[in-house]
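> Fold the following.
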Amino acid sequence: MELIEKNIYDRVKDYYRGERISNALLFMIGGGGLTWTFLLYLWRQGQLSTGIFYSAMPLCLFFIITGFYRFYRSFKRYQHSQDSISGYTFLVDEELPHLESRQERFLQKRKVNSIGLFIGFVLISLSILGSWNHIILGTSISLTIFSSLLLVFDLFGQFRTVELIHHLSKLTK
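Coordinates of the predicted model:
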């Protein structure tokens with residue numbers, strides 16, 4: 001069986017398909033998290049559910065806004081890359097530098113996400129050991145969950161970005 005090599009436009013198409021899928025998931029997780037924590041808050045109305053809801057609300061809104069914006073942006077960037085006249089120029093002059101700066105930002109994001117995950121775990125442990133207020137425990141749980149989700153999404157995004165940079169770099173040689 002002969003293996004068919006993908007051209008750069010197929011690779012760009014795959015990249016943006018992955019971007020749309022991950023950002024749609026980010027949007028849905030944000031919406032689902034907001035709905036679930038709000039319903040839990042209404043049902044229980046305790047300190048733990050209050051802590052979870054109030055700390056999850058800005059994080060869920062962040063997921064919803066960034067997921068929607070990046071989903072929408074991926075269509076525009078994909079259309080520019082597929083243009084028969086200016087697509088190649090867009091890929092080399094705009095998309096490649098954009099992706100290279102994005103790759104650098106992934107390292108910074110990973111540090112922030114890791115710090116959030118660490119702080120969340122420490123606060124959960126201290127809350128349980130010290131019998132602290134359940135609002136702090138709920139906030140710690142939200143911080144841990146959302147930091148870990150962002151870390152996973154960023155790792156997959158970084159993998160896709162590095163792969164496309166590799167293939168776009170071949171165009172400039």
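
> Next secondary structure after the helix or strand containing R105?
Following DSSP states H and E, one finds R105 within helix 96-129. As assigned by DSSP H and E, the chain's next helix or strand after helix 96-129 is helix 134-169.

> packing partners for that next one?
Here helix 134-169 touches helix 8-44, helix 47-82, helix 96-129, going by 3 or more CB pairs under 8 Å, 6 or more residues apart in numbering; DSSP states H and E. For glycine as for every other residue, the C-beta is placed from the backbone atoms N, C-alpha and C.

> To S142, which of those helices lies closest?
Nearest to S142 among the helices and strands packed on helix 134-169 is helix 47-82 (4.1 Å), distances taken as CB to CB.

> average model confidence for the closest one?
Helix 47-82 comes out with an average pLDDT of 90.

> Next, the angle from it to helix 96-129.
For helix 47-82 against helix 96-129, the angle by axes from the mean of the first three to the mean of the last three CA atoms, to 10 degrees is 170 degrees.

> which residue is nearest the middle of this protein?
F153 (4.2 Å; CA atoms, centre = their mean).

> Give me the below-cutoff pLDDT ranges for the protein.
1-3, 173 (pLDDT under 70).

> residues making contact with stretch 157-164?
The contact list for stretch 157-164, computed with CB atoms under 8 Å, 6 or more residues apart in numbering, reads R11, V12, Y15, G18, E19, S22, L99, R102, Q103, F106, R110.
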